[in-house]
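*Asks:* here are the coordinates; sequence isn't available:
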Ligand code: C2E
Ligand code: MG
Ligand code: MG
């Protein structure tokens, strides 16, 4: 019996739970080895345990105060009879570790749920296992909506496959990745986030999960871009500053070089700005600068850059302009606009102005520093010359473009003020000597310069597009006059009007002619339109089509200045022509120059075989006329009979 008892003790000492027997007063009657370890006391027998024991089979948890510190224990008290005494068997286990774990887990869960960063946990196939509250708040997806899915439900499409591949490569190699990434919320809104992904490994080092933690950094980004904006813009006007101008200029130089265009830098300085500042204060000065900024911006194309360099200095970068003069036109427009009076909010009207210096790429320089420097030099020049004007970095450019711009402005006025006149030059039948019609030729009756010949302003009108309104006016004026002559009972006349290439190809000339004929009542078969070969060559198919339609209405078509262009009679057969006008240069040298005489004779002969009427231009003497008569030329015009004259003078010619 004694032997079996000691064996039992031996067994009891091997189990890891503490086993203690106490009497009803709590005195220890037996304790195994594990109990002594747990309670950190030897010789337990005979001592009091100081554990409140309630005799039940319920598991009880207690706090143990031990020399090494607090511990948690759980026990069950089972009543027994021990050597005739009523007692209890306590089986005590150490639950400190699991208690700590439990607490830790509770804390972790609290952190997981309460943190402001979005967290997602995935398995190794990147299937989402759990997400926290912040995840749902940031992305708009509830946990149920993403469980089992991969984080690609958030992808914004802003990163390519390579980006994600590189990201996962880093995670594989280092177990961690952090970076900025654009993701998409459930409502489609794309936002920037700072994301870290970590691989979670078990004790053997195998990856079992991935954890992604991210923060919405839209606000940080917004602040960043605001800072970046402030660094590159003028706070008063919101215009780009010098730093941004330089970078745009560099960039523009690259693109312009590639597509073979021009680029202009306009340096603008306000005239009399200092006066406004000094007399009305800085507040009014600031207001004026803001007004100038708005004016400048509203006049530019979207690709152009308007900058404020500081003070009253502005710069305009004109990208991809087609010709040198474009920059001058813009400069002139700026000068005119800023020259208009402005009413300050204090009720005072101020008159400032602007001077502009222009440099061009590639004419003046090929890098940004040089171009800015030259525009500055040109600006200085403009100011010393008397302000309110523009200057190119080079002298001749300044002169010629200024003259052209002045002329254009005056020509616009001339149209409005009715300073244009139509003169008529008689066209004569070579054989009979009778007037059969006239060519309408425009003149500009300038109050200062007198009569200005068309060659001085038609080319500019052509370039600027003014030719359309000028040309339409001439056409109508001529038809009105022709109808007046018909009404007055004069002999039937054919009136010829010159059409410029632009008028012919870029305005709806068929409609315009039809409308003018209808409005004035002038018969179509009394109207002749003169075109040069070059106008026909530009867009051949279209030209043929337009001419066929004009011709069908009864209008005749003449080829002007024949002999100076391509002069291919065979080519001209493509067009419905009626009259061929031999250029004055061939008539000039008759009868001195044999070659010209031969050419003229040949043109006449060939035109006749093509059934065209031939008219010789610029006939100044009788020898020329005799030659034309001898070779069968039909018509002529020239000083021999009459120069172009006003309508009344032409009437007198008819009556004599
Ligand atoms: P064009 O159509 O070849 O006109 C003939 C030009 O020769 C006219 O010059 C006329 O005055 C000039 N002329 C005529 N006979 C003689 C002569 O015996 N000796 C000399 N030396 N010259 C003579 P104008 O009026 O100065 O016109 C010049 C050019 O301007 C015209 O050449 C035409 O191309 C253009 N033009 C004139 N009026 C108009 C118009 O209304 N519309 C368009 N688009 N162009 C016009
Ligand atoms: Mg003509
Ligand atoms: Mg001519």
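*Replies:* Nice, thanks for sending it over. Just so we're clear, the structure is a prediction, and the values are computed from it rather than from any experiment. Ligands and ions are numbered 1, 2, ... in the order given.
*Asks:* where does the prediction get shaky in the stretch 1-150 of the chain?
*Replies:* Applying pLDDT under 70 to the stretch 1-150 of the chain flags the ranges 1-2, 55-57.
*Asks:* now it against ligand 1: closest residue?
*Replies:* As assessed by CB to the nearest ligand atom, ligand 1 sits closest to residue 140 within the stretch 1-150 of the chain, at 67.8 Å. Heads up, the C-betas are built off the backbone N, CA and C, glycines and all.
*Asks:* list phi and psi for that residue.
*Replies:* Note on residue 140: its backbone torsions stand at phi 90, psi -10 [degrees, to the nearest 10].
*Asks:* for it, what are its contacts?
*Replies:* By CB atoms under 8 Å, 6 or more residues apart in numbering, the contact list for residue 140 reads 185-187.
*Asks:* which helix or strand contains residue 483?
*Replies:* Residue 483 is part of helix 466-487 when elements are defined by DSSP states H and E.
*Asks:* buried residues, that helix. List them.
*Replies:* 466-468, 470-472, 474-483, 485-486 (16 or more other CB atoms under 10 Å).
*Asks:* and stretch 3-22, by the same measure?
*Replies:* Within stretch 3-22, the residues that count as buried by 16+ other CB under 10 Å are 12, 17-22.
*Asks:* could you do stretch 276-294 as well?
*Replies:* Judged by neighbour count (16+ other CB under 10 Å), stretch 276-294 contains these buried residues: 276-277, 280, 284-285, 287-289, 291-293.
*Asks:* and stretch 149-159, by the same measure?
*Replies:* Within stretch 149-159, judged by 16+ other CB under 10 Å, the buried ones are 151, 154, 156.
*Asks:* rewinding a little: tabulate the contacts of residue 140 (CSV), appending neighbour count.
*Replies:* Conversion of the contacts of residue 140 to CSV gives the following (neighbours: other CB atoms under 10 Å):
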residue, neighbour count
185, 15
186, 14
187, 7
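*Asks:* so which of those is the closest to residue 461?
*Replies:* Set against residue 461, the nearest of the contacts of residue 140 by CB to CB is residue 187 (58.3 Å).
*Asks:* secondary structure of that closest one: a helix, I assume?
*Replies:* No - according to DSSP: H, G, I helix; E, B strand; the rest coil, the state of residue 187 is coil, so it is not within a helix.
*Asks:* distance of it from ligand 3?
*Replies:* Separation of residue 187 from ligand 3 (CB to the ion, to the nearest Å) stands at 72 Å.
*Asks:* quick one, phi/psi of that residue?
*Replies:* Phi and psi for residue 187, reported as degrees, to the nearest 10, are phi -80, psi 10.
*Asks:* pull the contacting residues for it.
*Replies:* Residue 187 makes contact with residue 140, according to CB under 8 Å, 6+ apart.
*Asks:* can you list the residues of the stretch 401-550 of the chain near ligand 2?
*Replies:* Along the stretch 401-550 of the chain, the residues adjacent to ligand 2 under the rule CB under 5 Å from the ion are 498, 530.
*Asks:* what ranges in this structure fall below the confidence cut-off?
*Replies:* Confidence mapping of the chain against pLDDT under 70 gives the ranges 1-2, 55-57, 566-567, 570.
*Asks:* enumerate the residues of it near ligand 2.
*Replies:* Contact residues (CB under 5 Å from the ion) of the chain with ligand 2: 498, 530, 560.
*Asks:* from memory the second one sits against residue 562, does it?
*Replies:* Think residue 530. No - because the distance of 10.7 Å does not satisfy CB atoms under 8 Å, residue 530 is recorded as not touching residue 562.
*Asks:* between these two, which contacts overlap?
*Replies:* Taking CB under 8 Å, 6+ apart as the contact definition, residue 530 and residue 562 share the neighbouring residues residue 581.
*Asks:* look up the closest residue to residue 625, ignoring the ones flanking it.
*Replies:* residue 619 (5.7 Å; CB to CB, 6 or more residues apart in numbering).
*Asks:* same question for residue 333.
*Replies:* Looking at residue 333 with CB to CB, 6+ apart, the closest residue is residue 299, at 6.1 Å.
*Asks:* quick one: residues contacting that neighbour.
*Replies:* With contact taken as CB under 8 Å, 6+ apart, residue 299 is in contact with 330, 333-334, 337.
*Asks:* next step: the residues you listed restricted to helices.
*Replies:* Residues of the contacts of residue 299 located in helices (DSSP state H): 330, 333-334, 337.
*Asks:* in a markdown table: the buried residues of stretch 276-294, plus secondary structure and distance to ligand 1.
*Replies:* As requested, the buried residues of stretch 276-294 are arranged in a markdown table below (DSSP: H, G, I helix; E, B strand; the rest coil; distance: CB to the nearest ligand atom, whole Å):
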| residue | secondary structure | distance to ligand 1 |
| --- | --- | --- |
| 276 | helix | 47 |
| 277 | helix | 51 |
| 280 | helix | 52 |
| 284 | helix | 51 |
| 285 | helix | 50 |
| 287 | helix | 48 |
| 288 | helix | 45 |
| 289 | helix | 46 |
| 291 | helix | 42 |
| 292 | helix | 40 |
| 293 | helix | 42 |
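*Asks:* how about those, which pair is most distant?
*Replies:* Of all pairs drawn from those, the one with the longest distance (CB to CB) is 280 and 293, at 18.1 Å.
*Asks:* and residue 76, bridged to which residues?
*Replies:* residue 91 (DSSP bridges).
*Asks:* shouldn't it be in contact with residue 59?
*Replies:* Yes - taking contact to mean CB under 8 Å, the distance of 5.6 Å between residue 76 and residue 59 places them in contact.
*Asks:* who has more neighbours out of these two?
*Replies:* For residue 76 versus residue 59, neighbours defined as other CB atoms under 10 Å are more numerous around residue 76 (15 against 12).
*Asks:* who touches that one in this structure?
*Replies:* With CB under 8 Å, 6+ apart as the criterion, the residues that contact residue 76 are 57-60, 90-91.
*Asks:* let's see if you can find the most crowded of the residues you listed.
*Replies:* The most neighbours of any of those, using other CB under 10 Å, belong to residue 90, which has 23 neighbours.
*Asks:* on that earlier part again, ChimeraX command to pick out the buried ones of the contacts of residue 299?
*Replies:* Those of the contacts of residue 299 that count as buried under 16+ other CB under 10 Å are selected in ChimeraX with:
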select :330,334
